[in-house]
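Asker: Here is the input, now give the coordinates:
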Amino acid sequence: MSGVHATARIRACADGRGGTALPVLDGEGPLAPRRTRGTAEEARVVLVGAMSGPLGGDRFAVEAEVEGGARLRVGSAAATIALPGQLKDEAHYAVRLSVADGGELRWLPEPLISAKGSELYVTTRADLAPGARLVLREEQVLGRAGEEPGRLGSRLVLRIGGRTVLDQELSCGPGAPGGWDGPAVLAGHRAVGQLLVVRPEFTERPVAARMLGAHAAVMPLAGPAALVSAVAPDGRLLRRVLDEALSTLD
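Answerer: This next block holds a predicted model:
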């Protein structure tokens with residue numbers, strides 16, 4: 001017996017009139033991508049969860065491809081909540097993103113919440129051409145209000161021009177390596193997030209490393225990219241920190 005396996009696919013391309021077309025917008029099972037009102041240049045898509053999950057044993061994947069000259073913004077209608085299921089297997093959620101030269105992707109989903117008893121592994125891979133642009137926000141909240149977290153593993157990989165410029169993993173919750181909630185990692189906070197910003201102009205004007213308050217930092221990467229890492233007591237405060245960081249980098 002296995003869980004639900006589902007994949008959503010989005011492909012954006014230039015429509016030849018200065019806008020963005022979506023020749024592929026397809027989902028199945030719990031993953032339902034919907035086009036919403038965008039701008040003259042940018043197409044917008046919201047991922048709608050059609051059922052609870054991911055639950056134990058589920059395998060979800062989202063693939064988004066942005067071609068040259070296209071601009072795509074992807075969000076989600078609500079937070080994703082990892083829940084325990086009848087199956088004892090771990091759940092997996094894979095996000096695969098690619099952006100061609102001259103394309104731009106803004107990947108801004110709502111937070112992922114790791115509920116007590118759940119076990120989820122999230123992998124996000126972004127593969128960009130040297131002239132591509134990206135804003136990627138990732139937020140994880142450990143447990144619902146007053147709840148212990150589940151086991152949550154996440155990996156974030158960024159490749160630019162075929163070269164890996166970021167490959168980091170985080171493991172939290174019961175069974176995670178010791179120290180995940182200690183002062184070197186979460187320091188007792190319940191929300192953790194990353195913001196990746198890739199801009200070709202960072203090659204000429206690299207981002208300077210700096211602190212953003214006591215629990216967030218901006219780090220330049222070995223490429224035209226910057227990473228913001230933050231922890232906060234809850235998801236609301238985490239979003240505030242990441243939004244403030246984005247306003248200085250975007």
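
Asker: what's Ser52 in contact with, if anything?
Answerer: Applying CB atoms under 8 Å, 6 or more residues apart in numbering to Ser52 gives the contacts Pro30, Ile81, Leu83. Quick note: C-beta positions are derived from backbone N, CA and C, even for glycine.

Asker: Can you tell me how far it is from Glu148?
Answerer: Using CB to CB, to the nearest Å, we find Ser52 at a distance of 19 Å from Glu148.

Asker: what's the most centrally placed residue in the chain in contact with, if anything?
Answerer: Closest to where the C-alpha atoms of the chain average out (CA atoms, centre = their mean) is Glu138, at 3.8 Å. Going by CB under 8 Å, 6+ apart, Glu138 touches Pro109, Leu112, Thr124, Ser154, Leu156, Gly193, Gln194, Leu195, Leu196.

Asker: Mind picking the two most distant members of the residues you listed?
Answerer: Leu112 and Leu196 (15.8 Å; CB to CB).

Asker: circling back to that earlier point, out of the contacts of Ser52, which is nearest to Arg73?
Answerer: Looking across these and measuring by CB to CB, the closest to Arg73 is Pro30, at 21.5 Å.

Asker: can you pull the pLDDT of the closest one?
Answerer: For Pro30, the model assigns a pLDDT of 88.

Asker: cool, and Ala6?
Answerer: 93.

Asker: looking at it, it is touching Phe60, isn't it?
Answerer: Yes: using CB atoms under 8 Å, Ala6 is in contact with Phe60, at 5.5 Å.

Asker: low pLDDT regions in this structure?
Answerer: 1 (pLDDT under 70).

Asker: can you map out the helices along it?
Answerer: 235-249 (DSSP state H).

Asker: hang on, the earlier thing: rebuild the contacts of Ser52 as CSV, extending it with distance to Cys13 and neighbour count.
Answerer: Compiled in CSV, the contacts of Ser52 are given as follows (distance: CB to CB, whole Å; neighbours: other CB atoms under 10 Å):
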residue, distance to Cys13, neighbour count
Pro30, 26, 20
Ile81, 33, 20
Leu83, 36, 19
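
Asker: Next, count neighbours for the closest residue to Gly150 other than its chain neighbours.
Answerer: Leaving aside its chain neighbours, Gly150 sits nearest to Ser118 (3.3 Å; criterion: CB to CB, 6 or more residues apart in numbering). By other CB atoms under 10 Å, the residues close to Ser118 number 24.

Asker: List the residues that contact Ala50.
Answerer: Contacts of Ala50 by CB under 8 Å, 6+ apart are Gly29, Pro30, Leu31, Ala32.

Asker: Then Val207?
Answerer: Contacts of Val207 by CB under 8 Å, 6+ apart are Val197, Val218, Pro220, Ala226, Leu249.
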